[in-house]
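# Quick one: sequence and predicted model below, then my questions.
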Amino acid sequence: MAAAVADGELSRSTIVSDRVRGRHLLTIHGYSDTRITAPTGKCVKSRPFTIGGHRWRIGYYPNGLSSAVEDHVSLSLVLDEDVAVAVKAQFAFCLAGDMDECEEELWQELSLTWSPVRDFASWSGWEHPKFIKRLDLQSSGHLNDSFTIRCDIIVFHDCRAVDDAAAFVSVPPCDLRQNLGELLENEKGADVVFEVGSKIVCAHRCMLAARSPVFAAKLFGPMKEGNVEGVVRVEDIEPDLFKALLHFAYTGSLPETSNKEDQDAVYQQHLLVAADRYDMGRLKLICEEKLCKYIEVGTVATILALAEQHRCEGLKKACLEFLTAPNNVRALVATDGFKHLSTSCPSIMVALMAMLRIS
């Protein structure tokens with residue numbers, strides 16, 4: 001008898017290309033000084049950093065790459081190593097944003113600004129001659145004699161064969177942040193009620209205890225707070241700030257606000273105080289970073305006092321660096337904020353008096 005022949009059998013194989021993406025933040029301090037010390041065509045290189053298994057540097061041209069673009073800030077990305085085969089990569093530069101945005105949204109936002117896929121040979125790079133006009137930078141709200149550049153890089157690796165399952169299964173990005181945000185918003189399963197001013201806010205004890213040791217002590221410790229109805233009263237904080245604090249506890253990000261620049265500076269100061277009060281370290285650092293952008297003659301005294309009182313070393317250093325400019329420290333002395341600083345933070349006055357003697 002002849003052997004039976006199977007009919008309709010199907011086999012599959014899959015070839016994929018690996019890619020690795022990453023980001024580097026380069027902060028330029030003393031922008032006005034860099035314009036003096038680096039003439040047109042001269043760049044200052046960043047420290048080396050690694051993305052996709054390769055070492056890179058960013059070149060910063062404060063007066064442009066050439067005379068044709070001397071009214072611009074120019075940038076370059078350089079492969080800072082010896083390679084046998086050129087590295088294929090894409091890159092995008094932008095000013096670092098003010099929001100703690102969702103990671104996937106950041107990449108979508110950059111989708112229209114990526115360079116073409118480039119070949120990076122050993123020690124070579126590609127330029128972005130017209131990154132931003134200096135006048136646009138100065139009016140952007142990002143510049144306070146310092147600003148931060150975000151460089152996003154995608155490195156493409158070789159193609160390879162993979163198991164067939166990869167042809168059928170596509171794993172979406174993690175949506176935990178969205179899920180937890182919705183949990184806070186719809187209050188499903190909430191087991192603690194906060195009375196904040198005239199507002200009632202519901203939340204979940206375990207979530208808050210996991211995110212803040214202060215909440216853990218208040219909600220589960222031997223001296224846990226709450227009346228017979230289980231209501232916890234919260235003093236000395238505005239309802240909107242407390243809701244922002246909870247939003248960060250659930251999602252690791254801050255809700256969007258419509259605050260103007262001067263309002264946002266005050267908002268970030270109050271939020272920093274709340275973050276310190278509830279021992280939420282990452283939120284406190286985010287507030288510090290944002291407040292660094294609002295340091296000027298009219299605000300430096302208040303921000304410096306805040307930094308000293310709440311042990312914000314990075315913010316304190318940023319304020320003192322701003323005051324190394326003789327004109328800035330002299331202008332500070334003439335403000336009402338200086339009087340407040342002298343009474344609230346006498347230890348700071350020693351450093352300021354030394355700066356005045358030097359200037």
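Looks like it arrived, so ask away.
# following the helix or strand bottoming out on mean pLDDT in the chain, which helix or strand shows up next?
Within the chain, no helix or strand scores below helix 103-109, which has a mean of 49 by mean pLDDT, DSSP states H and E. Using DSSP states H and E, the next helix or strand after helix 103-109 towards the C-terminus is strand 118-120.
# element containing residue 331?
Counting by DSSP H and E, residue 331 is found in helix 326-333.
# okay, now residue 132: neighbour count?
By other Cβ atoms under 10 Å, 20 other residues sit near residue 132. The C-beta positions use only the backbone N, C-alpha and C, and glycine is treated the same way.
# before we move on, what about residue 95?
Residue 95: 17 neighbours (other Cβ under 10 Å).
# That one bridge partners, please.
residue 149 (DSSP bridges).
# Now do the contacts for residue 279.
Neighbouring residues of residue 279 by Cβ atoms under 8 Å, 6 or more residues apart in numbering: 212-214.
# Out of the residues you listed, who's the most crowded?
Taking other Cβ under 10 Å as the neighbour criterion, residue 212 ranks highest of the contacts of residue 279 with 22 neighbours.
# thought it was touching residue 278?
Yes. Taking Cβ atoms under 8 Å as the definition, residue 212 is a contact partner of residue 278 at 4.7 Å.
# Would you confirm that residue 340 belongs to a helix?
Yes. Checked against DSSP: H, G, I helix; E, B strand; the rest coil, residue 340 lies within a helix.
# Local confidence estimate at it?
At residue 340, the model reports a pLDDT of 80.
# how about the strands in the stretch 51-200 of the chain?
54-61, 72-79, 87-95, 118-120, 125-133, 146-162, 192-196, 199-203 (DSSP state E, counting those that start in this stretch).
# neighbouring strands for the fourth one, and are they parallel or not?
The one in question is strand 118-120. Paired neighbours of strand 118-120 in the sheet (DSSP bridges): strand 87-95 (antiparallel).
# Please export the C-alpha coordinates of the partner strand as CSV.
Extracted C-alpha coordinates of strand 87-95, given in CSV (Å, rounded to 0.1, in the frame of the first residue of the first chain):
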residue,chain,number,x,y,z
VAL,A,87,27.0,51.3,14.2
LYS,A,88,23.5,52.0,12.8
ALA,A,89,21.6,54.5,14.9
GLN,A,90,18.9,57.2,14.9
PHE,A,91,18.9,60.1,17.3
ALA,A,92,16.8,63.1,18.3
PHE,A,93,17.6,66.2,20.3
CYS,A,94,15.2,68.4,22.2
LEU,A,95,15.0,70.7,25.2
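# what residues does stretch 21-34 touch?
Stretch 21-34 is contacted from outside by 44, 46, 49, 51-52, 56, 58, 60, 62, 96, 107, 143, 145-155, 321, using Cβ under 8 Å, 6+ apart.
# buried set for that stretch?
By 16 or more other Cβ atoms under 10 Å, the buried positions in stretch 21-34 come out as 23-24, 26, 28, 31, 34.
# quick one: average pLDDT of that stretch?
Here the average pLDDT along stretch 21-34 is 91.
# and the helix or strand containing residue 337 with helix 326-333, angle?
Using DSSP H and E, residue 337 maps to helix 336-344. If you take axes from the mean of the first three to the mean of the last three Cα atoms, to 10 degrees, helix 336-344 sits at 70 degrees to helix 326-333.
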